[in-house]
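# sequence and predicted model, in that order:
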Amino acid sequence: MSSSRLTARPPGALRGASQSASGTSPSRTDAAFGVSLAGVGRDFPGERGAQRRVLRDISLEVRAGEVLAILGTSGCGKSTLLRIAGGLDSATAGSVLIDGSPVSRFDARTAVGFQEPRLLPWRSVTDNVALGLPRGTPKADGAARVAELIDLVGLGAFAGHRPREISGGMAQRASLARALARNPGVLLLDEPFGALDALTRLKMQDLLLDVHAAAPTTVLLVTHDVDEALQLADRIILLGRKDGVDGSSIAQEIVVPGRRPRDRGSAELAELRGRLLAGLGIDRHGEARGVEKTTAMPTFPY
Ligand SMILES: Nc1ncnc2c1ncn2[C@@H]1O[C@H](COP(=O)(O)OP(=O)(O)OP(=O)(O)O)[C@@H](O)[C@H]1O
Ligand SMILES: [Mg+2]
């Protein structure tokens, strides 16, 4: 979707749309929030009572309104890190603060979008998006906000359709609208476009840029796609494991230059792409180096 098809709104306009007349919606958040991770680690129970370390010593300050992309090979702990940031899982070491206070279980300041849209098949697009509204949102405010979000993601003509009557890309847009209905201060996206075809994926990336321009929430975006990260993120972290050490930590951190939308063909981005691909264990010919399958962890030259 091109930017021109969406209404340009000043930052915060969408947030304002959800405000009740009294402004008392209990879990409403009107600001983008910073996320602070200090020494975060996660062990899972392994075999014979041993612990298996998946994440180690991750410290990171995500600025309010920043788009941070998280890259790494399959199984390195990206989703685990995202879940910990949103209070869907707990770190076994370190701490996570959102807007300066500890993240709580299923923290209402965050919303999550997944690779699959996870819509309820018997509900319309409108009713699915409405599921994301914060509890206690007055009915009229909720209806107005849902309609505005459906419009924002370009589904105005499909508001009454059921999920089976819309395409995969449309369903993913509905899912994004549902996450935004929560008015999150932090939006956590776990490979949100991973199941889409290449063209729809590019359109969804544009849509996310439009959405972020309209309501610049903080975004933590897990992706496998280096180009997607370079196009969308202010900053990219690449998770990986040091040789002989258990658990992934931050192996690369890159501040992406240039305002969005970026020129996908620029030499500057090409250089960063090469660095990130090398970090992922992929050589210039697109072949995995030193790893049998993409599920294996690369090691990183420190
Ligand atoms: N609840 C859990 N219990 C035990 N192990 C877990 C649990 N959740 C994740 N893991 C393990 O943690 C590791 C990292 O999983 P995670 O899903 O975070 O990886 P990922 O980087 O998101 O992978 P992918 O790119 O394939 O989605 C995996 O080995 C996984 O088996
Ligand atoms: Mg994952």
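Sure thing, it's come through. Numbers count the residues shown, from 1 in each chain. Ligands and ions are numbered 1, 2, ... in the order given.

# near ligand 1, which residues of the stretch 1-150 of the chain are found?
Within the stretch 1-150 of the chain, the positions adjacent to ligand 1 are 44, 54, 72, 74, 75, 76, 77, 78, 79, 80 by CB under 6 Å from any ligand atom. (C-beta placed from N, C-alpha, C; glycine too.)

# could I get the residues you listed in TSV, plus columns for neighbour count, pLDDT and secondary structure?
What follows is these, written out as TSV (neighbours: other CB atoms under 10 Å; pLDDT from 0 to 100; DSSP: H, G, I helix; E, B strand; the rest coil):
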residue	neighbour count	pLDDT	secondary structure
44	13	96	strand
54	20	97	strand
72	25	96	coil
74	11	94	coil
75	14	94	coil
76	25	95	coil
77	26	97	coil
78	26	97	helix
79	18	96	helix
80	21	97	helix
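
# which of those residues sits closest to residue 164?
residue 79 (27.1 Å; CB to CB).

# so what's the spatially closest residue to the closest one that is not a sequence neighbour up against?
Leaving out its chain neighbours, the residue that sits closest to residue 79 by CB to CB, 6 or more residues apart in numbering is residue 190, at 5.4 Å. Applying CB atoms under 8 Å, 6 or more residues apart in numbering to residue 190 gives the contacts 78, 79, 82, 112, 113, 114, 115, 222.

# tell me which residue is most central in this structure.
The centroid of the chain falls nearest to residue 189 when counting by CA atoms, centre = their mean (2.3 Å).

# and what about that residue, helix, strand or coil?
strand (DSSP: H, G, I helix; E, B strand; the rest coil).

# my guess is it meets residue 222, correct?
Yes - between residue 189 and residue 222 a contact is recorded at 6.7 Å, counting by CB atoms under 8 Å.

# just for the chain, where's the confidence low?
Applying pLDDT under 70 to the chain flags the ranges 1-30, 284-302.

# what segments of it are helices?
Using DSSP state H, the helices found in the chain span residues 13-17, 78-85, 125-130, 139-152, 168-181, 198-214, 226-232, 267-279.

# now the residue located most distally from the centre of the chain: how far from residue 244?
Within the chain, residue 48 marks the point farthest from the mean C-alpha position, 34.8 Å out by CA atoms, centre = their mean. The gap separating residue 48 from residue 244 is 21 Å, by CB to CB, to the nearest Å.

# hmm, back to that, between the contacts of residue 190, which is closest to residue 62?
Nearest to residue 62 among the contacts of residue 190, counting by CB to CB, is residue 82 at 11.6 Å.
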